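Enquirer: I would like to see how this sequence folds:
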Amino acid sequence: MRKQLISPIQEFIKDSRAVGVTLLVCTVVSLVLANSGFSEKYLSIIEREVHPVKGLLLPHTILHWINDGLMALFFFLVGMEIKRELLLGELSSVKKASLPIAAALGGMIVPALIFLYFNGQSPYHSGWGIPMATDIAFSLGVASLLGSRVPVSLKIFLMALAIIDDLGAIAVIAVFYGGVINWMYLLAGAVLVLVLYLFTKFGWQRWGVTLVGGILLWYCILNSGIHATIAGVLIAFLVPLGKLSHYEHSLHDFVNFIILPLFALANTAIVIPDNISEALMTHLSWGIITGLVVGKPLGISLFSWLTIRSGLSEPPTGTSWVQLVGIGALAGIGFTMSIFITMLAFADPSAQNISKISILLGAILSIILGLVLLAIPRKNQN
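Expert: Alright, predicted model coming up:
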């Protein structure tokens, strides 16, 4: 019972270090296996064909089942976090929401523009969404390493910023990274959303209804041309407010310690080329690394400064501008969502690998920069 009395924000901040460490360990394991004598076997497992129900248009490999199927639950959890924050939390009023919204917009727009500066005229231009993303768990986990040196208000600001960032990434995925629209499946999905909304409105919503409705909606979205994981967000927005906390607590451990580690194991199986230095000297890698390491803190700091100077908002309590820039640097840890967008943006395995290596290097540089800035004592920041 006591666990249920802890606010979801406090629980997420408390557990984020463990989530970040778990993802880091899985990434290291995946990289080691992909570049060892077990490489061929490991990669064949990820790409193994799986057809549980013949005749249905379903994901066809273990990798696709993880990215298109299991990750829908991750998006369901993210969607519930977004809804709760919009209704009750740090995004529930204009005054509260203006700073993280502005910061998130800056943290999406500036990295995307930097990426396009390097790749706007190249075959890789479709990857502009990659450096826009922030990994909530990873970034909060790193911030937690410094304990009380990072005020709780700043961690909540980072979480709110990252949630809005996720909402932006979801919109980008839905609009720009889908396939050819199949209007029959899209219409069927819209009808399902309406039916589920009516069930919620009239109090007929039950766990079984959410499960069955969610699976049917996922199938329709999967075949509509919009990415299947968007179904998780749509279902999350239909969950009654009173049940959000229960669902979040129920799914938290499964999503963060089962689904996300599987995602990391499957999607960071990168065969590092002998000419890795050449791979990292491409326009693609420079666009991603510079977008994450420079674009994120620059965009977040600039848009935050403009919002505070205009009087629309105030800085997080007990924080300095150096700390705010440090948090902006940690937002450059794109990881989960950046890798996810990479898989949608590029079909070429070599482009995927260069992007993933760049994302990992960008995350390492962002962690170092963020920790250095946040570790500076406040008395030395004036």
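Enquirer: going forward, measure contacts between C-alpha atoms and count neighbours the same way
Expert: Fine.
Enquirer: contacting residues around the residue nearest to residue 333 when sequence neighbours are not counted?
Expert: The spatially closest residue to residue 333, leaving aside those adjacent along the chain, is residue 363, at 4.5 Å (C-alpha to C-alpha, 6 or more residues apart in numbering). Contacts for residue 363 (C-alpha atoms under 8 Å, 6 or more residues apart in numbering) come out as 292-293, 332-335.
Enquirer: Of these, which pair is most distant in space?
Expert: Greatest spatial distance in the contacts of residue 363: 293 and 335, 12.6 Å, computed using C-alpha to C-alpha.
Enquirer: Enumerate the positions of stretch 267-287 that are buried.
Expert: Buried positions in stretch 267-287, judged by neighbour count with 16 or more other C-alpha atoms under 10 Å: 267-271, 279-280, 283-287.
Enquirer: quick one: residue 170 and residue 228 touch, right?
Expert: No: using C-alpha atoms under 8 Å, residue 170 is not in contact with residue 228; the gap is 11.1 Å.
Enquirer: residue contacts, residue 134?
Expert: Contacts of residue 134 by C-alpha under 8 Å, 6+ apart are 162, 165-166, 331-335, 337-338.
Enquirer: since we're on the residue nearest to it when sequence neighbours are not counted, how many residues are nearby?
Expert: For residue 134, ignoring the flanking residues on the chain, the nearest one in space by C-alpha to C-alpha, 6+ apart is residue 334 at 4.3 Å. Counted by other C-alpha atoms under 10 Å, the residues lying close to residue 334 total 28.
Enquirer: and what of the one 10 residues further on?
Expert: A count of nearby residues for residue 344, using other C-alpha under 10 Å, gives 20.
Enquirer: The one 5 residues further on too?
Expert: Other residues near residue 349 come to 11 when the count uses other C-alpha under 10 Å.
Enquirer: Can you get me the start-to-end distance on stretch 114-123?
Expert: 16 Å (C-alpha to C-alpha, to the nearest Å).
Enquirer: which of the residues in that stretch are buried?
Expert: 114-116, 118-120.
Enquirer: In those, which has the lowest confidence score?
Expert: Among these, residue 120 carries the lowest pLDDT, at 94.
Enquirer: Tell me the spacing between that residue and residue 127.
Expert: 10 Å.
Enquirer: And residue 285, by the same measure?
Expert: Counting by C-alpha to C-alpha - residue 285 and residue 127 are separated by 11 Å.
Enquirer: pLDDT value on residue 8, please?
Expert: Per the predicted model, pLDDT is 56 at residue 8.
Enquirer: what residue ranges in the chain are flagged as low confidence?
Expert: Confidence mapping of the chain against pLDDT under 70 gives the ranges 1-15, 378-382.
Enquirer: One more pass at 50, please.
Expert: 1-6 (pLDDT under 50).
Enquirer: which SSE is the residue nearest in space to the middle of it in?
Expert: Centroid check for the chain by C-alpha atoms, centre = their mean gives residue 337 as the closest residue, at 3.6 Å. Remark: residue 337 resides in helix 335-345, with elements defined by DSSP states H and E.
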